[in-house]
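Chemist: sequence first, predicted model second:
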Amino acid sequence: MIETQKYLITIPEKDDVSAVFLIPKNYKKALIIAHGAGKDMRSDFICRLHQGLAEQGILTVKFNFIYTEQGRKAPDCPAVLEATWQAVIEAVLIKTGLNRKQLFIAGKSMGGRYATLIAAQQQNFGGIILYGYPLHAPGKSDKPRFEHLQQINSPMLFFQGTRDSLCKLDILKPLLTSLSPSPRLHIIDGGDHSFKVLKKLQRNEDEVFNELIISSAQWINENTD
């Protein structure tokens, strides 16, 4: 039995954003998932992860950034994106009674990048999960956005497709070796930035999402005291 609770979370001096909590019985950890730049928390990708991870016994939260809450297309400025993440984190800790080590933060693309920016400033999360980390802009792999990851002391799990135009694996892999604790890299063969795989590999979307969900849940359990 999973309970659904909906909240409006206030971003100080800004606005309110919607959040949906899926609450399993006897949960001992929580995961917050942020959406990517082009869609809001109602995207199929976020909804599948949200439901699937809750079914694994993890209290799972999704939320909107202010710009998607207001129906705008252009993302908020970095300071507002970070303020939104911070307000949601604080709300989840208060509403669940969990401590920071029991809280995992995650995101698709941009949402994940800003999760890492928060984790670089505030230590000791249970872990960070990146679903398609945007290491660099398309065609600009010579300018990786990576330096702040060196400030993170929490475990990290990267899900990356081999065809992701925003993250060349031959650039990411050596960069990850410089981090401590050593991140885990989970490669989706044939996957693009949204983990859509080549037809010739004969894998449907359900199989890919099941891999993302089960692997995420196992990793969260491994990193929960």
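Modeler: In hand now; what should we look at?
Chemist: from here on, just use CA atoms for contacts and neighbour counts.
Modeler: Noted.
Chemist: show me the contact partners of whichever strand or helix holds Ile220.
Modeler: For Ile220, the enclosing helix or strand under DSSP states H and E is helix 205-222. Residues lying outside helix 205-222 but in contact with it, judged by C-alpha atoms under 8 Å, 6 or more residues apart in numbering, are 48-49, 52-53, 56, 58, 104, 126-127, 129, 157, 159, 188, 195-196.
Chemist: quick check: the farthest pair among the residues you listed?
Modeler: Farthest-apart pair in the contacts of helix 205-222 is Gly126 and Lys196; separation 28.3 Å (C-alpha to C-alpha).
Chemist: between these two, who's got more neighbours?
Modeler: Gly126 (24 against 19; other C-alpha atoms under 10 Å).
Chemist: now do the lowest-mean-pLDDT helix or strand in the chain: which elements does it pack against?
Modeler: Lowest by mean pLDDT, DSSP states H and E among the helices and strands of the chain is helix 169-176, with a mean of 94. Applying 3 or more C-alpha pairs under 8 Å, 6 or more residues apart in numbering; DSSP states H and E, one finds that helix 169-176 makes contact with no other helix or strand.
Chemist: now Asp142, what's its secondary structure?
Modeler: For Asp142, the reduced secondary structure class is coil; criterion used: DSSP: H, G, I helix; E, B strand; the rest coil.
Chemist: quick check: it vs Glu211, distance?
Modeler: Applying C-alpha to C-alpha, to the nearest Å, one obtains 31 Å for the distance of Asp142 from Glu211.
Chemist: which residue of these two possesses the greater neighbour count?
Modeler: A direct count of neighbours by other C-alpha under 10 Å for Asp142 and Glu211 places Glu211 higher, at 14 against 9.
Chemist: so the residue lying farthest from the centre of the chain versus Gly190, what's the distance?
Modeler: For the chain, the residue at maximal distance from the C-alpha centroid (C-alpha atoms, centre = their mean) is Lys200, at 28.3 Å. The spacing between Lys200 and Gly190, counted by C-alpha to C-alpha, is 9 Å.
Chemist: start to end distance for stretch 138-153?
Modeler: 28 Å.
Chemist: Gly139 should be in a helix, yeah?
Modeler: No. Counting by three-state DSSP, one finds Gly139 to be coil, located in no helix.
Chemist: which residue is the nearest non-sequential neighbour of it?
Modeler: Ser165 (7.7 Å; C-alpha to C-alpha, 6 or more residues apart in numbering).
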